[in-house]
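A.B. asks: all I have is the shape, not the residue letters:
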């Protein structure tokens with residue numbers, strides 16, 4: 001199968017008519033249905049497949065499968081036509097060549113069809129691989145465009161002939177070198193033409209394609225490329241006076257010279273200066289420049305996790321129009337349209353409030369229906385604003401801004417979780433869940449990193465990991481389990497279905513599940529998870545009226561082990 005490249009071709013389709021045998025009505029199918037239908041014809045009727053791919057591409061032009069499909073079908077038709085041509089069936093061959101020529105296929109496929117069509121018209125045999133090679137051999141690498149052209153055409157027919165693959169890549173390297181030379185001098189047009197020539201091929205190796213794309217991006221933006229030392233010297237001149245420019249230089253240089261550590265360091269050094277400047281603006285209440293600075297850091301590649309983590313939480317605060325403060329404590333009051341009494345009534349009616357405050361009841365159970373006055377006590381935010389109790393209002397969305405080393409101190413001697421702080425930060429940034437909450441959840445569910453699910457179990461022939469006990473139901477899994485619950489098997493099944501094949505996969509992937517149910521659905525504090533003030537009595541995490549208070553210790557204790565963090569509290573205010 002041919003590889004798709006974004007820059008291969010521009011397809012202009014003005015009129016696409018399906019063959020008479022097609023049962024498809026234009027525009028009536030999803031992209032997947034088009035693709036699956038075309039695939040079913042690919043080996044038996046490439047003409048029909050080509051028609052389907054063309055129609056699909058006219059509707060779903062961003063779907064690479066249809067560009068690939070057009071090219072693959074055209075190549076199959078080309079090779080079938082060569083077969084007919086070799087047998088002397090010139091009319092059949094010419095019809096096939098015409099189909100390819102009139103299709104929106106890659107230039108080189110059409111070029112091969114055009115050359116061989118002329119031979120068929122003159123009742124001559126198709127051009128052989130040796131004849132193609134002979135033509136190619138007439139040119140030295142001082143004529144790389146000629147070699148590139150004929151090699152790309154030949155490979156469409158003789159795809160197993162290494163001579164043409166070598167010819168394509170050897171000539172592409174020379175074209176790239178020439179284009180870089182023009183580019184360095186500021187001659188952007190010939191440089192872009194050279195780069196685009198390389199990208200128009202679907203057979204150049206990925207390493208050359210990757211490098212070509214980097215330089216094309218610069219040339220398209222009228223930017224000259226520099227040597228690594230030139231970039232480094234440019235960056236050093238501006239890093240203190242203009243860290244934004246320094247950051248851009250470092251990013252550009254690191255893209256061209258990914259193995260040069262100076263530019264990774266430069267990205268982070270520039271980001272630290274921008275962060276300091278942004279904090280200064282933020283502290284003065286100048287939110288726009290602060291937000292711009294934080295956003296610049298957050299969007300920059302290769303920023304170290306701890307720096308990006310701190311920036312992410314400051315960005316949240318700045319967007320909320322809260323000035324930066326050195327204490328790192330930010331309190332928001334959210335007003336609700338329901339009165340406290342109305343909320344209490346709904347909790348009593350729909351919330352099924354239970355408590356273990358009364359000891360064992362007459363039925364022998366500790367959990368009993370809670371009295372109205374006790375529900376009112378735990379429901380009232382004003383009763384929990386002192387000391388550690390306020391942590392039930394801690395926002396669990398976003399980040400705490402804790403650095404990697406402090407988080408790794410928390411995870412010290414915590415089994416398989418030890419040293420994994422980087423991935424909890426990545427999970428937090430990716431899925432918008434507080435990193436301390438993720439760690440607290442993971443420590444609880446994995447028995448401090450020692451559970452079998454955390455350390456990996458085999459399912460479906462692969463070792464899988466589950467760091468939050470996701471999907472680990474307390475019920476039998478296999479028939480041999482009888483009445484015995486088998487949460488490990490359930491958790492392993494869930495991990496297998498979500499491709500958690502490394503501990504890192506499980507930490508990052510599982511965070512999506514943690515955030516989805518409540519935190520990223522608007523219930524991002526322990527209080528909201530328990531009481532849901534936006535819709536009391538519905539979608540509540542627990543029936544225990546003291547649940548939110550009971551969860552505080554594990555989170556507060558982890559914060560107490562860190563020195564530098566930001567606390568964001570959201571305290572509900574009921575309508576008076």
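C.D. replies: Thanks, I have it. None of the values given here were measured: they were computed from a predicted structure.
A.B. asks: how close does the residue positioned nearest the centre of the chain get to residue 453?
C.D. replies: A centroid search over the chain (Cα atoms, centre = their mean) returns residue 430, at 8.7 Å, as the residue closest to the centre. Using Cβ to Cβ, to the nearest Å, we find residue 430 at a distance of 21 Å from residue 453. Using the backbone N, CA and C atoms, a C-beta is placed for each residue, glycine as well.
A.B. asks: tell me where this protein has strands.
C.D. replies: Counting by DSSP state E, the chain has strands at residues 329-339, 354-355, 368-369, 457-459, 462-464, 567-575.
A.B. asks: so what's the residue nearest to the centre of the chain closest to, chain neighbours aside?
C.D. replies: Leaving out its chain neighbours, the residue that sits closest to residue 430 by Cβ to Cβ, 6 or more residues apart in numbering is residue 508, at 6.3 Å.
A.B. asks: shouldn't the one you found be in contact with residue 427?
C.D. replies: Yes: using Cβ atoms under 8 Å, residue 508 is in contact with residue 427, at 4.4 Å.
A.B. asks: helices of the stretch 1-150 of the chain, start to end?
C.D. replies: Assigned by DSSP state H, counting those that start in this stretch, the stretch 1-150 of the chain shows helices spanning 31-41, 46-59, 64-86, 90-101, 107-121, 129-137, 144-155.
A.B. asks: mean neighbour count added to those helices, as JSON lines?
C.D. replies: Conversion of these to JSON lines gives the following (neighbours: other Cβ atoms under 10 Å):
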{"stretch": "helix 31-41", "mean neighbour count": "17"}
{"stretch": "helix 46-59", "mean neighbour count": "23"}
{"stretch": "helix 64-86", "mean neighbour count": "22"}
{"stretch": "helix 90-101", "mean neighbour count": "20"}
{"stretch": "helix 107-121", "mean neighbour count": "20"}
{"stretch": "helix 129-137", "mean neighbour count": "16"}
{"stretch": "helix 144-155", "mean neighbour count": "24"}
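A.B. asks: I'd like these as JSON lines, with mean pLDDT and distance to residue 412 appended.
C.D. replies: Converted to JSON lines, the helices of the stretch 1-150 of the chain look like this (pLDDT from 0 to 100; distance: least, Cβ to Cβ, whole Å):
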{"stretch": "helix 31-41", "mean pLDDT": "95", "distance to residue 412": "48"}
{"stretch": "helix 46-59", "mean pLDDT": "96", "distance to residue 412": "55"}
{"stretch": "helix 64-86", "mean pLDDT": "96", "distance to residue 412": "46"}
{"stretch": "helix 90-101", "mean pLDDT": "97", "distance to residue 412": "65"}
{"stretch": "helix 107-121", "mean pLDDT": "96", "distance to residue 412": "59"}
{"stretch": "helix 129-137", "mean pLDDT": "95", "distance to residue 412": "63"}
{"stretch": "helix 144-155", "mean pLDDT": "96", "distance to residue 412": "57"}
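A.B. asks: out of those helices, nearest to residue 243?
C.D. replies: Nearest of the helices of the stretch 1-150 of the chain to residue 243, taken as Cβ to Cβ: helix 64-86 at 38.0 Å.
A.B. asks: quick one, that closest one and helix 46-59 angle?
C.D. replies: Per axes from the mean of the first three to the mean of the last three Cα atoms, to 10 degrees, the angle that helix 64-86 makes with helix 46-59 is 150 degrees.
A.B. asks: and the angle for helix 64-86 with helix 90-101?
C.D. replies: What separates the directions of helix 64-86 and helix 90-101 is an angle of 160 degrees, with the same axes, to 10 degrees.
A.B. asks: what helices and strands are in contact with helix 64-86?
C.D. replies: With contacts taken as 3 or more Cβ pairs under 8 Å, 6 or more residues apart in numbering; DSSP states H and E, helix 64-86 sits against helix 31-41, helix 46-59, helix 90-101, helix 107-121.
A.B. asks: dump these to JSON lines, plus distance to residue 437.
C.D. replies: Shown next, in JSON lines, are the helices and strands packed on helix 64-86 (distance: least, Cβ to Cβ, whole Å):
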{"stretch": "helix 31-41", "distance to residue 437": "37"}
{"stretch": "helix 46-59", "distance to residue 437": "44"}
{"stretch": "helix 90-101", "distance to residue 437": "59"}
{"stretch": "helix 107-121", "distance to residue 437": "55"}
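A.B. asks: what about those helices, which gets the closest to residue 187?
C.D. replies: Once the helices and strands packed on helix 64-86 are compared by Cβ to Cβ, helix 107-121 is nearest, at 24.2 Å.
A.B. asks: okay, helices next: where are they in the stretch 251-400 of the chain?
C.D. replies: 261-283, 287-299, 305-319, 340-350, 372-379.
A.B. asks: which one of these is the most hemmed in?
C.D. replies: Most buried of these, by mean neighbour count (mean count of other Cβ atoms under 10 Å): helix 305-319, with a mean of 22.
A.B. asks: which strands or helices does that helix pack on?
C.D. replies: Counting contacts by 3+ Cβ pairs under 8 Å, 6+ apart, helix 305-319 packs against helix 261-283, helix 287-299, helix 404-410, helix 421-431, strand 567-575.
A.B. asks: who wins for proximity to residue 525 among these?
C.D. replies: strand 567-575 (5.6 Å).
A.B. asks: what angle separates the closest one from helix 340-350?
C.D. replies: 90 degrees.
A.B. asks: mean confidence for strand 567-575?
C.D. replies: Across strand 567-575, pLDDT averages out at 97.
A.B. asks: what comes up buried for it?
C.D. replies: 567, 568, 569, 570, 571, 572, 574 (16 or more other Cβ atoms under 10 Å).
A.B. asks: now that strand against strand 329-339, angle please.
C.D. replies: 20 degrees.
A.B. asks: what does strand 567-575 rub up against?
C.D. replies: Strand 567-575 has contacts (Cβ atoms under 8 Å, 6 or more residues apart in numbering) with 313, 316-317, 328-340, 343, 381, 385, 390, 393-395, 398, 400, 524-525, 527-528, 533, 559.
A.B. asks: of the residues you listed, grab the buried ones for PyMOL.
C.D. replies: Remark: buried members of the contacts of strand 567-575, expressed as a PyMOL selection using 16+ other Cβ under 10 Å:
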select buried, resi 313+316+317+328+330+336+338+340+343+381+390+393+394+395+398+400+524+525+527+528+533+559
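A.B. asks: could you dump the helices of the stretch 251-400 of the chain to CSV with distance to residue 95 and mean pLDDT?
C.D. replies: Formatted as CSV, the helices of the stretch 251-400 of the chain follow (distance: least, Cβ to Cβ, whole Å; pLDDT from 0 to 100):
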stretch, distance to residue 95, mean pLDDT
helix 261-283, 56, 97
helix 287-299, 53, 98
helix 305-319, 59, 96
helix 340-350, 73, 96
helix 372-379, 80, 97
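A.B. asks: need the ones you listed in a markdown table with distance to residue 105, can you?
C.D. replies: Listed next are those as a markdown table, based on distance: least, Cβ to Cβ, whole Å:
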| stretch | distance to residue 105 |
| --- | --- |
| helix 261-283 | 40 |
| helix 287-299 | 38 |
| helix 305-319 | 44 |
| helix 340-350 | 63 |
| helix 372-379 | 68 |
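A.B. asks: who's in contact with the residue nearest to residue 430?
C.D. replies: Per Cβ under 8 Å, 6+ apart, neighbours of residue 508: 423, 426, 427, 430, 431.
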